[in-house]
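Participant: structure of the sequence below:
(chains A and B)
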Number of protein chains: 2
Amino acid sequence: MSHTVIKYDRGMGRWEPNARGRLELAAMSLYLEHGFEQTTVAEIAKRAGLSERTFFRHFADKREVLFWGSEALKELLVSSVASAPDSATPIAAIAAALESAGALLQERRERALQRQAVISANAELQERELIKLAALASAMAEALRQRGVNDLAATLAAEAGIVVFKVAFERWINEANQRDFPHLIRESLAELKDVSGG
Amino acid sequence: MSHTVIKYDRGMGRWEPNARGRLELAAMSLYLEHGFEQTTVAEIAKRAGLSERTFFRHFADKREVLFWGSEALKELLVSSVASAPDSATPIAAIAAALESAGALLQERRERALQRQAVISANAELQERELIKLAALASAMAEALRQRGVNDLAATLAAEAGIVVFKVAFERWINEANQRDFPHLIRESLAELKDVSGG
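Facilitator: Okay, here's the model as predicted:
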């Protein structure tokens, strides 16, 4: 038996099947068509066939449509670092975390491509993305310290990990020969090892 | 015979000895006393004993007082990477560049400490600093590509270099036992090598 997951929309007093997903799709297509700056919440709601009020029950603002996944990504990275075997070196724990995140994004490649196209076209969103990545690095560094890794090694491993993630992400997005994201992460990590040793 | 360097202030039709330096000192002390957000250009000019018009001849806005050195820093990093011996590995070229920058900042430790205190207290300035660091990484990566380094190695070496710079900078700023900045850069690079190999 299969179910369609629906969300009861309290404020409106009626059911809005998958309102969040519809709003996200509508927003992404409008951002791609007209640019992030030029798109209004009213337009997003209209295209999704929903009210602005419903939009604001799901997202704080139009930027959150692009960034709501950051918190889940952070939790995934942190829990992966925390659950690495005791014997794992700091960079091995980071590698495992990045590959988990990479596998998740791999499943959502189309959304990731669209999101990146929107962000690349807007300086403010690029800034927000940099801040997000810095926050992910801090969270992973803290997770390493919790494993007893010293502060310097924890910070460097986590920050270098984010560099690897960023570089691998750009290759994943831009390369014609769509190799999968976890593979590109492993390759970039190996290259970082070579480069750092030089 | 010693000279005081003075700058002829064309627009005002009179001499303003070291207007730029006076404005910078005034701005920094006000940012530290009242916060960056709360300080106005009028207050900075007043404390420096100069006009607002003079301020705007030297700085585009109050943020530029904190960031005008970024361009010079970028040029120093790029020219250091470019002038490394042909035999230098990518990370060795980056290390040489970072140490040059570190030596420059070491000479201006007091200003660096004050600037960092102002930036740490303001989210918008922290964002600007992240963007600056990302631009420095891009510029160094491009300088490596000009040396014939492949894109992946160039990007990773430059981005990892900026991570090292950032980590060493934080230690330099925060540590009680003021070891010099180039030394901390070398130490962080060695740690990155250890960590990446793990």
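Participant: A:Ile173 touches A:Arg111, doesn't it?
Facilitator: No: A:Ile173 lies out of contact with A:Arg111 (CB atoms under 8 Å); the separation is 11.8 Å. Just so you know, the C-beta spots here come from the backbone N, C-alpha and C atoms, and that holds for glycine as well.
Participant: which of those two has more neighbours?
Facilitator: A:Ile173 (17 against 14; other CB atoms under 10 Å in any protein chain shown).
Participant: grab the nearest non-local neighbour of the more buried one.
Facilitator: A:Gln116 (5.3 Å; CB to CB, 6 or more residues apart in numbering or on different chains).
Participant: near the one you found, how many other residues are there?
Facilitator: Neighbourhood size, A:Gln116 [other CB under 10 Å]: 17.
Participant: could you check how far it is from A:Glu129?
Facilitator: The span separating A:Gln116 from A:Glu129 equals 9 Å under the rule CB to CB, to the nearest Å.
Participant: repeat for A:Val164
Facilitator: 16 Å.
Participant: where does pLDDT dip in chain A?
Facilitator: Counting by pLDDT under 70, the ranges of chain A that qualify are A:1-15, A:176-177, A:198.
Participant: which bits of it sit near chain B?
Facilitator: Neighbours of chain B within chain A, by CB under 8 Å from any CB of the partner chain: A:89-92, A:127, A:130-131, A:134, A:152-153, A:155-157, A:159-160, A:163-164, A:166-167, A:171, A:188, A:191-198.
Participant: of the residues you listed, buried ones?
Facilitator: Buried members of the residues of chain A next to chain B, scored by 16 or more other CB atoms under 10 Å in any protein chain shown, are A:89-91, A:127, A:130-131, A:134, A:152-153, A:155-157, A:159-160, A:163-164, A:166-167, A:171, A:188, A:191-196.
Participant: ok, and what's touching stretch A:77-85?
Facilitator: A:92-94, A:96-98, A:100-101, A:136, A:139-140, A:142-144, A:146-147 (CB atoms under 8 Å, 6 or more residues apart in numbering or on different chains).
Participant: hmm, 6 Å instead?
Facilitator: With contacts defined as CB atoms under 6 Å, 6 or more residues apart in numbering or on different chains, stretch A:77-85 is touched by A:Ala93, A:Ala96, A:Ala97, A:Ser100, A:Ala101, A:Ala139, A:Met140, A:Ala143.
Participant: what secondary structure does the nearest residue to the first one once chain neighbours are set aside sit in?
Facilitator: With CB to CB, 6+ apart as the criterion, A:Ala93 has its nearest non-adjacent residue at 3.8 Å, and that residue is A:Ala84. Secondary structure, DSSP: H, G, I helix; E, B strand; the rest coil: A:Ala84 is coil.
Participant: I'd like the next helix or strand past the helix or strand where A:Leu105 lies.
Facilitator: In this structure, A:Leu105 is located in helix A:90-107 according to DSSP states H and E. Proceeding N to C from helix A:90-107, the next assigned helix or strand is helix A:109-120, under DSSP H and E.
Participant: after that next one, which helix or strand is next?
Facilitator: Toward the C-terminus, helix A:109-120 is succeeded by helix A:123-146 as the next helix or strand (DSSP H and E).
Participant: between that next one and helix A:90-107, how big is the angle?
Facilitator: 140 degrees (axes from the mean of the first three to the mean of the last three CA atoms, to 10 degrees).
Participant: can you pull the buried residues of helix A:123-146?
Facilitator: A:125, A:127-134, A:136-137, A:139-141, A:143-145.
Participant: and for stretch A:106-117?
Facilitator: Residues A:Gln106, A:Ala112, A:Gln114, A:Arg115, A:Gln116 are the ones in stretch A:106-117 that count as buried (16+ other CB under 10 Å).
Participant: about what we covered before: return the closest of the contacts of stretch A:77-85 with respect to chain B.
Facilitator: A:Ala93 (9.5 Å; CB to the nearest CB).
Participant: thinking again about what came up before, so what touches the helix holding A:Leu105?
Facilitator: A:73, A:76-77, A:80-81, A:84, A:112, A:144, A:149, A:153, A:157, A:161, A:165, A:180-182, A:185, A:189, B:195, B:198.
Participant: could you rerun that using 8 Å?
Facilitator: Counting by CB under 8 Å, 6+ apart, A:73, A:76-78, A:80-81, A:84, A:88, A:112, A:140, A:143-144, A:147, A:149, A:153-154, A:157-158, A:160-161, A:164-165, A:168-169, A:172, A:180-182, A:184-186, A:189, B:195-198 sit against helix A:90-107.
Participant: pull the CA atoms of that helix into CSV?
Facilitator: The C-alpha coordinates for helix A:90-107 follow below in CSV (Å, rounded to 0.1, in the frame of the first residue of the first chain):
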residue,chain,number,x,y,z
PRO,A,90,41.1,13.1,12.1
ILE,A,91,41.2,13.3,8.3
ALA,A,92,39.7,9.8,8.0
ALA,A,93,36.8,10.9,10.2
ILE,A,94,36.4,14.0,8.0
ALA,A,95,36.6,12.0,4.8
ALA,A,96,33.8,9.6,6.0
ALA,A,97,31.6,12.6,6.9
LEU,A,98,32.2,14.3,3.5
GLU,A,99,31.5,11.1,1.6
SER,A,100,28.2,10.7,3.5
ALA,A,101,27.2,14.3,2.5
GLY,A,102,28.4,13.6,-1.0
ALA,A,103,26.3,10.6,-1.3
LEU,A,104,23.2,12.5,-0.1
LEU,A,105,23.8,15.3,-2.7
GLN,A,106,24.5,12.7,-5.4
GLU,A,107,20.9,11.5,-4.9
